[in-house]
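Enquirer: whatever this is, show me its structure:
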Amino acid sequence: MSDAIWNHRHSDGRSREDDLDEVIARCGRQQHGTVARRQLLALGFGADAIDYRLKRRRLHVVHAGVYAVGHEALSRQGRWMAAVLAGGHGAGLSFRSAGALWEVRPTSASKIEVTTPRGQHPRPGIQFHRASLPGDEVTVDEGIPVTTVARTLFDLAAVLTPRQLERAINEAEVRRLWDQLSLLDLLRRYPRRPGSRTVRAVLGAREAGATITRSELEVRFLELVDRARLPQPRTNKVVEGFEVDAVWPEARIAVELDARSTHATIAAFERDRERDRILLAAGWRTVRVTWRQLEFAPGPPGGRPSETARRGYAGGVSRLTDPWTLGGARIANRVVLAPLAGIGNWFVRLQAKRFGAGLVVSEMVSSFGLAYGNERTIREFLRIHPDEHPVSIQLFGHDPAVMREAAAMTAAAGADLIDLNMGCPVRKVCRTGAGAALLADPERAVALARAARDGSGLPVTVKLRPGREPADRSGLVLARRLVEDAGVDGIAFHPRHVSQQHGGAPDYVLARELAETLPVPVIVSGGLSSEERVRRAFAESGAAAVMLARGSLGNPWRFGRLLGMYRGQPSRAEVADELAWVIACAEDHLGVARADRYLRKFYPWYADSMGLTRRQREALVSAPTTVHARAALASVARGERVLAA
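Expert: A predicted model of the protein is given here:
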């Protein structure tokens, strides 16, 4: 890899520490959170400046002369990149590691394999292969120098059986990653290289037709169907004018087997979404199955993929009242209280539990506020009532070390789960590098999730949006990385882009795509302002659960109606009693003076639930103190009109 791309200097000669650190951070973001010492020297950093940052833990040694920027936790791509940087100029990911990057082979090797043109001292965790890579045998994928698909397959031929090589070739073909001529070119270039005999035999068998006749992805899927003891689907059938890979007509289920190239372009992605909408409107449920799910999921009968297939054929979960598990925590039903900034304290959560919510999530809590020992933050935001379990505390922040400490404090406070906010669109949050800003910084996002998991020992979920702008899929990509590289236990998904804030129609088809490609539960939120919309979102998204936010404010009876625990609308007296309970809890939690101010946003919600006219609600919604609010409530219950204070 050429060091020329690092010839960057500030044109105005600035030398402040934060400017220099930003230069390093920018370099790290281009290389999955890693940077080489030689690259820093090329940037103009002296040895003392590098050593200073190592001592201050702004850089962390991964290999000799290779550093992680800002934190030690690297994603799989980051570890691959670090190994390539350790190989020096001209090095590239190769053999089994390259096969894993191209997704033609799973990787079970304990060491990352790198081909480099010069000899290298042994490095822990790296296996170097010494060879010069011609320009047409190395490329860059996901920002990582890697051997081309053809060269990768040729290298793998020396370490795989013919059957394994055949399957790898077939996977590359399914993904349209190679053509046979390129592999033949390498065979002519290296006729006596280790593995050439295997390549020759496999290509000869393919030419003669003595190989598998359907894509390996389809074969794997049909094997999964057998293990799940399901009826065999019909394959490659036309449904509503579209050819689908497999179909169960009786169950109205269409299956799409997604290869790496399925959504290679925005146009292809939009076509698939339009097809899914048409099939959904015609009464078909589209299930997407990826090669990664079939290749890496456990295989014995009764394992998770077989169970997933059985549930998918059965139409998935059809009732909000069904119990489920999230990171090992048993949840009684599939209706969840969303994190509500500035609102979701202990008594709001307890209220949702009283009316039936299976899981409640706290308002957004600053990891810095906890880790820096802010007394009010700790006292108020980590207060958990014994009757609100299971409860998840949502944290936000941008520093993995701080997040680790805050997560440990959250676990000590009695939380059952931790949720990380990576979707908040509010500018003051994003400006700190937290919230939705993390969509553009996946390395930091993965490091934060790892830190929360390691610091707390609790199940960790992440709340995300699809991306920053329409057609941006960075949130979906990040969701997969958080599951694969950070081990998060679930994704809460708000299918509106950051630019939409809370307006516009949520894309539940997009939520379904995510739910059907992740091996962990997806919880859908957004647009759930009525019971009808909640049930529609649950059905259309295929999510494991629904997350009610502002649609439940002043209306906790919505939880009960969705779960069959309450029928009809509450009387004015019931609503008044409930608001009186909220007022008492707020005074206990905040003190009377602060409760006077805090509750002013609550009063309009409850006035709506009571169906008050503009004149009837005036005294309540303008109440300056809780004393005035109680007087207004008493008058409403008696049917009297009270003048505003």
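Enquirer: how near is the spatially closest residue to Leu222 that is not a sequence neighbour to Thr148?
Expert: Nearest non-adjacent residue to Leu222, counting by C-beta to C-beta, 6 or more residues apart in numbering: Gln232, 7.0 Å away. (C-beta placed from N, C-alpha, C; glycine too.) Using C-beta to C-beta, to the nearest Å, Gln232 is found at 38 Å from Thr148.
Enquirer: Phe559 contacts Val336, correct?
Expert: No. Assessed by C-beta atoms under 8 Å, Phe559 is found out of contact with Val336, at 9.6 Å.
Enquirer: list the residues that contact both of these two?
Expert: 357, 548 (C-beta atoms under 8 Å, 6 or more residues apart in numbering).
Enquirer: for the protein, which spans come out with low pLDDT?
Expert: Where the chain drops to pLDDT under 70, the residues are 1-18, 107-109, 174-176, 178-181, 206-217, 227-228, 258-273, 290-318, 639-645.
Enquirer: of all residues in it, which one is nearest the centre?
Expert: Central residue of the chain (C-alpha atoms, centre = their mean): Ala479, 2.0 Å from the mean position.
Enquirer: show me the beta-bridge partners of the nearest residue to that residue once chain neighbours are set aside.
Expert: Leaving aside its sequence neighbours, Ala479 sits nearest to Ile491 (C-beta to C-beta, 6+ apart; 5.0 Å). Assessed by DSSP bridges, Ile491 has beta-bridge partners Val462, Val522.
Enquirer: tell me, how many residues neighbour Ile491?
Expert: Ile491 has 28 neighbours, counted by other C-beta atoms under 10 Å.
Enquirer: how near is the residue nearest to Leu222 to Ser132?
Expert: 50 Å.
Enquirer: also Gln30?
Expert: From Gln30 to Ser132 the distance is 25 Å (C-beta to C-beta).
Enquirer: tell me if I am right that the residue nearest to Leu222 is in a helix.
Expert: No. With DSSP: H, G, I helix; E, B strand; the rest coil as the criterion, Gln232 is located in coil rather than a helix.
Enquirer: for it, what are its contacts?
Expert: 222, 225-226.
Enquirer: tell me how many other residues crowd Arg638.
Expert: 9.
Enquirer: my guess is Arg404 meets Ala451, correct?
Expert: Yes. Between Arg404 and Ala451 a contact is recorded at 4.0 Å, counting by C-beta under 8 Å.
Enquirer: so which of those two has more stuff around it?
Expert: Taking neighbours as other C-beta under 10 Å, Arg404 and Ala451 compare with Ala451 leading, 28 against 22.
Enquirer: phi and psi next, for that one.
Expert: phi -60, psi -40 (degrees, to the nearest 10).
Enquirer: you'd agree it is up against Ala406?
Expert: No. Judged on C-beta under 8 Å, Ala451 makes no contact with Ala406 at a distance of 9.0 Å.
Enquirer: so Leu478, which state does it fall into?
Expert: On the basis of three-state DSSP, Leu478 is classed as helix.
Enquirer: how many neighbours does it have?
Expert: 25.
Enquirer: kindly report the same for Leu563.
Expert: With other C-beta under 10 Å as criterion, Leu563 counts 19.
Enquirer: can you pull the contacts of it?
Expert: Applying C-beta under 8 Å, 6+ apart, the residues contacting Leu563 are 320-321, 333, 335, 356.
Enquirer: inside strands: which ones of the residues you listed?
Expert: Among these, the ones falling in strands (DSSP state E) are Val335.
Enquirer: drop anything exposed from the contacts of Leu563.
Expert: 320, 333, 335, 356 (16 or more other C-beta atoms under 10 Å).
Enquirer: of the residues you listed, closest to Leu438?
Expert: Among the buried ones among the contacts of Leu563, Val335 lies closest to Leu438 (C-beta to C-beta), at 27.3 Å.
Enquirer: contacts for stretch 454-462, please.
Expert: 326-329, 392, 403-408, 410-411, 415-420, 422, 445, 449, 452-453, 479, 482, 486-492, 523.
Enquirer: look up how far Val509 lies from Arg275.
Expert: Counting by C-beta to C-beta, the gap from Arg275 to Val509 is 10 Å.
Enquirer: can you list the residue ranges for strands in the stretch 351-500 of the chain?
Expert: 359-366, 391-396, 417-421, 460-464, 490-493 (DSSP state E, counting those that start in this stretch).
Enquirer: dump those strands into CSV; add distance to Ala593 as well.
Expert: Shown next, in CSV, are the strands of the stretch 351-500 of the chain (distance: least, C-beta to C-beta, whole Å):
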stretch, distance to Ala593
strand 359-366, 21
strand 391-396, 26
strand 417-421, 29
strand 460-464, 33
strand 490-493, 35
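Enquirer: contacts only, for the residue nearest to Gly125 when sequence neighbours are not counted.
Expert: Of all residues beyond its chain neighbours, the one nearest Gly125 is Lys111 (5.7 Å), with distances taken as C-beta to C-beta, 6+ apart. The neighbourhood of Lys111, defined by C-beta under 8 Å, 6+ apart, consists of 125-127.
Enquirer: distance between the ends of stretch 173-191?
Expert: Using C-alpha to C-alpha, to the nearest Å, the end-to-end distance of stretch 173-191 comes out at 23 Å.
Enquirer: for the closest residue to Ala157 other than its chain neighbours, give me its contacts.
Expert: Of all residues not flanking Ala157 in the chain, Gly195 sits nearest, at 3.2 Å (C-beta to C-beta, 6+ apart). Contacts here follow C-beta under 8 Å, 6+ apart; on that basis Gly195 touches 154-159.
Enquirer: one more time with 10 Å
Expert: 153-160, 165, 187 (C-beta atoms under 10 Å, 6 or more residues apart in numbering).
Enquirer: and for Tyr606?
Expert: 553-555, 572, 575-576, 578-580, 582, 599, 612, 617, 620-621, 629, 633, 636.
Enquirer: helix, strand or coil for it?
Expert: Applying three-state DSSP: Tyr606 is helix.
Enquirer: can you tell me how far the residue nearest to Gly125 sits from Arg79?
Expert: On the measure of C-beta to C-beta, Lys111 and Arg79 end up 11 Å apart.
Enquirer: overlap of the contact sets of the two?
Expert: 97, 125-126.
Enquirer: out of the residues you listed, which are inside helices?
Expert: Judged by DSSP state H, helices contain the following of the shared contacts of Lys111 and Arg79: Ser97.
Enquirer: most neighbours out of the shared contacts of Lys111 and Arg79, which is it?
Expert: Greatest neighbour count in these, by other C-beta under 10 Å, goes to Ser97: 29 neighbours.
Enquirer: any idea how far Arg163 is from it?
Expert: 21 Å.
Enquirer: what of Val336?
Expert: In terms of C-beta to C-beta, Val336 sits 46 Å off from Arg163.
Enquirer: report the backbone C-alpha coordinates of the longest helix belonging to the chain in PDB.
Expert: In the chain, taking DSSP H as the definition, the longest helix is helix 572-590. What follows is helix 572-590, C-alpha atoms only, in PDB (Å, rounded to 0.1, in the frame of the first residue of the first chain):
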ATOM      1  CA  ARG A 572     -61.800  11.000  32.800                       C
ATOM      2  CA  ALA A 573     -61.600  10.000  36.500                       C
ATOM      3  CA  GLU A 574     -59.200   7.200  35.600                       C
ATOM      4  CA  VAL A 575     -56.900   9.500  33.700                       C
ATOM      5  CA  ALA A 576     -57.100  12.100  36.400                       C
ATOM      6  CA  ASP A 577     -56.100   9.500  39.000                       C
ATOM      7  CA  GLU A 578     -53.200   8.300  36.900                       C
ATOM      8  CA  LEU A 579     -51.900  11.900  36.400                       C
ATOM      9  CA  ALA A 580     -52.200  12.400  40.200                       C
ATOM     10  CA  TRP A 581     -50.000   9.400  40.700                       C
ATOM     11  CA  VAL A 582     -47.400  10.800  38.200                       C
ATOM     12  CA  ILE A 583     -47.400  14.200  40.000                       C
ATOM     13  CA  ALA A 584     -46.800  12.400  43.400                       C
ATOM     14  CA  CYS A 585     -43.900  10.400  41.900                       C
ATOM     15  CA  ALA A 586     -42.400  13.500  40.300                       C
ATOM     16  CA  GLU A 587     -42.400  15.300  43.600                       C
ATOM     17  CA  ASP A 588     -40.700  12.400  45.200                       C
ATOM     18  CA  HIS A 589     -38.100  12.100  42.500                       C
ATOM     19  CA  LEU A 590     -37.300  15.800  41.800                       C
END
